[in-house]
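**Student:** Sequence below, structure please.
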Amino acid sequence: MTCPEPLANEVDGFGSAVGVAGPVGAQGVQAVHEDDDLLVLAKPSGLLCVPGRGPDKQDCLSARAQQRWPGALIVHRLDQATSGLVLMARNIEVQRRLSHAFAERQVNKRYQAVVQGILGSVDNTWSEIDLPIAADWERRPLRVIDHTIGKPSLTRWRVLANDPAAKTTRLELEPVTGRTHQLRVHLAAIGHAILGDSMYADACILALAPRLLLHACNLVFTHPVSGKTMEMTWAPEF
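**Tutor:** Residues are numbered from 1 along each chain as shown. Presented below is the predicted three-dimensional model:
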């Protein structure tokens with residue numbers, strides 16, 4: 001099998017509904033929004049959200065955030081390979097309220113991804129992937145589609161652009177449920193794995209990009225203290 005040529009790495013830059021975030025430094029973290037109660041941070045691809053096991057996995061978004069905003073607390077996570085917006089609380093009570101909002105699906109999250117193959121046309125129509133996801137215990141931490149023991153998992157998607165020459169599609173994604181690796185598993189399951197995915201794509205699709213082309217680009221939520229509707233955006237770098 002002959003693999004296609006890798007995509008060019010185009011950088012769109014950083015942006016938000018409330019300001020502009022610059023590039024994240026090697027030991028820094030950039031805020032898209034900050035106030036006395038919460039933070040919305042720009043996580044680069046390759047950075048853990050929380051510490052892992054071993055001394056080489058202690059550098060992470062939460063540790064960097066706590067250096068600048070002591071007491072900052074994680075509310076949700078992104079995969080290490082995924083870039084995008086991460087919401088953090090600045091005290092225990094706000095963490096509790098935001099965690100409840102995530103659990104009750106009161107936080108709207110949108111992603112962008114570039115996937116292998118041409119998947120539909122650009123017509124603003126939303127489609128769904130409704131496939132149950134379970135842990136693949138023999139290959140942990142991988143997940144698998146399992147219609148017997150899998151948990152209900154729903155992803156909405158629409159086409160933003162097609163690239164017939166590269167045979168790829170740019171998608172906007174909305175995970176209705178929040179299963180581990182949900183977007184990556186669902187897209188691979190329908191035959192359109194995300195470019196650069198080291199876990200669910202074959203070697204050719206993995207080699208098409210220098211990183212996983214998945215980015216959390218939009219968050220909409222109710223501020224747990226002020227009650228205002230907050231919408232944060234950060235354009236993908238690819």
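**Student:** Give the next helix or strand downstream of the longest helix seen in the chain.
**Tutor:** When every helix of the chain is counted residue by residue (DSSP state H), the longest turns out to be helix 92-103. Downstream of helix 92-103, the next assigned helix or strand under DSSP states H and E is strand 108-116.
**Student:** And the helices in this protein?
**Tutor:** With helices called from DSSP H, the chain shows them at 61-68, 92-103, 182-189, 203-206.
**Student:** ok, which stretches of the protein are strands?
**Tutor:** Remark: strands of the chain, listed N- to C-terminal, are 30-34, 38-43, 73-74, 83-89, 108-116, 127-130, 133-135, 143-145, 154-163, 168-175, 214-222, 229-233; assignment by DSSP state E.
**Student:** about what we covered before: which of the helices of the chain sits most buried?
**Tutor:** When you average the neighbours per residue for each of the helices of the chain (mean count of other Cβ atoms under 10 Å), helix 182-189 leads with a mean of 23. For glycine as for every other residue, the C-beta is placed from the backbone atoms N, C-alpha and C.
**Student:** neighbouring contacts of stretch 41-58?
**Tutor:** Contacts to stretch 41-58, defined as Cβ atoms under 8 Å, 6 or more residues apart in numbering, come from residues 14, 21, 24, 29-32, 59-63, 65, 74, 77-78, 80-88, 211-212, 216, 234.
**Student:** Quick check: end-to-end length of it?
**Tutor:** As for stretch 41-58, its first-to-last residue distance stands at 18 Å under the measure Cα to Cα, to the nearest Å.
**Student:** sorry, back to before: I'd like the strands of the chain laid out as a markdown table, including mean neighbour count.
**Tutor:** Compiled in a markdown table, those are given as follows (neighbours: other Cβ atoms under 10 Å):
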| stretch | mean neighbour count |
| --- | --- |
| strand 30-34 | 19 |
| strand 38-43 | 24 |
| strand 73-74 | 19 |
| strand 83-89 | 24 |
| strand 108-116 | 22 |
| strand 127-130 | 14 |
| strand 133-135 | 19 |
| strand 143-145 | 20 |
| strand 154-163 | 17 |
| strand 168-175 | 21 |
| strand 214-222 | 22 |
| strand 229-233 | 15 |
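**Student:** Out of the ones you listed, which gets nearest to residue 95?
**Tutor:** The stretch from the strands of the chain with the least distance to residue 95 (Cβ to Cβ) is strand 83-89; that distance is 3.6 Å.
**Student:** and that closest one, which strands flank it?
**Tutor:** strand 38-43 (antiparallel), strand 73-74 (antiparallel), strand 214-222 (parallel) (DSSP bridges).
**Student:** Give me the contact list for the second one.
**Tutor:** Contacts made with strand 73-74 from outside it, assessed by Cβ under 8 Å, 6+ apart, are listed as 49-50, 61-62, 86, 88-92, 95.
**Student:** on that earlier part again, will you turn the helices of the chain into JSON lines that also has distance to residue 111 and mean pLDDT?
**Tutor:** Output for the helices of the chain, formatted as JSON lines (distance: least, Cβ to Cβ, whole Å; pLDDT from 0 to 100):
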{"stretch": "helix 61-68", "distance to residue 111": "17", "mean pLDDT": "96"}
{"stretch": "helix 92-103", "distance to residue 111": "15", "mean pLDDT": "98"}
{"stretch": "helix 182-189", "distance to residue 111": "6", "mean pLDDT": "98"}
{"stretch": "helix 203-206", "distance to residue 111": "18", "mean pLDDT": "96"}
